[in-house]
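# one predicted model, sequence on top.
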Amino acid sequence: MKRIEAGSILLLKFPFADGLGYKRRPALILRDFEDGDVLVCRITSKLYKSEYDIYLDNWEQLGLRLPSVVRVHKMATLEASLIETAMGRIDEKTLSKIKELYVSII
């Protein structure tokens with residue numbers, strides 16, 4: 001599989017915590033480890049307003065159906081095989097804000 005760039009928005013099968021099912025949902029790629037795993041942040045249309053949520057101004061251009069936020073503090077390492085399709089890519093300014101926010105969490 002081709003390396004996935006940070007900032008890509010993908011539709012994937014996001015597993016439930018119990019491991020017994022999944023929900024298709026968009027996610028933002030933070031890192032492709034090139035070992036079969038990717039680090040992602042959840043994207044949701046429930047518009048939270050915490051300090052860890054980044055609103056996506058151009059959600060329609062990104063292939064999202066509804067106004068959405070990236071939940072930077074809701075990360076997961078998932079198998080790249082769960083990826084179904086590419087949707088779009090956020091701009092460098094938004095990606096930089098997400099990176100800064102991520103660093104502030106750790």
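Right, received. Where do you want to start?

# for Phe33, which non-adjacent residue is spatially closest?
Leu39 (7.2 Å; Cβ to Cβ, 6 or more residues apart in numbering). Backbone N, C-alpha and C define where each C-beta goes, glycine included.

# OK, contacts around the one you found?
29-31, 33, 75-77 (Cβ atoms under 8 Å, 6 or more residues apart in numbering).

# tell me what the residue nearest the centre of the chain is bridged to.
Most central in the chain under Cα atoms, centre = their mean is Leu28, positioned 1.9 Å from the mean C-alpha point. Bridge pairing for Leu28 (DSSP bridges) gives the partners Ile9, Cys41.

# same thing with Asp37?
Those that pair with Asp37 in a beta bridge, by DSSP bridges, are Glu79.

# thinking it is in contact with Leu78, fair?
Yes - between Asp37 and Leu78 there is a contact at 6.8 Å, judged by Cβ atoms under 8 Å.

# tell me which of these two has more neighbours.
Leu78 (19 against 14; other Cβ atoms under 10 Å).

# so what's that one up against?
12, 14-15, 27, 37-38, 40.

# so Pro97 belongs to a helix, correct?
You called it Pro, but residue 97 is Lys. Yes - Lys97: assigned to a helix according to DSSP: H, G, I helix; E, B strand; the rest coil.

# on the three-state scheme, the residue lying closest to it once chain neighbours are set aside is what?
Leaving aside its sequence neighbours, Lys97 sits nearest to Ile54 (Cβ to Cβ, 6+ apart; 6.0 Å). Here Ile54 is recorded as strand under three-state DSSP.

# again, but for Ala6
Once three-state DSSP is applied, Ala6 turns out coil.

# where in the chain is pLDDT low?
Along the chain, segments meeting pLDDT under 70 span 1.

# show me where it has its strands.
Using DSSP state E, the strands found in the chain span residues 8-15, 22-32, 37-44, 53-55, 69-79, 83-89.

# next, the angle from the last one to strand 37-44.
Using axes from the mean of the first three to the mean of the last three Cα atoms, to 10 degrees, the interaxial angle of strand 83-89 with respect to strand 37-44 works out to 60 degrees.

# list the contacts of Thr77.
Applying Cβ under 8 Å, 6+ apart, the residues near Thr77 are 33, 37-40.
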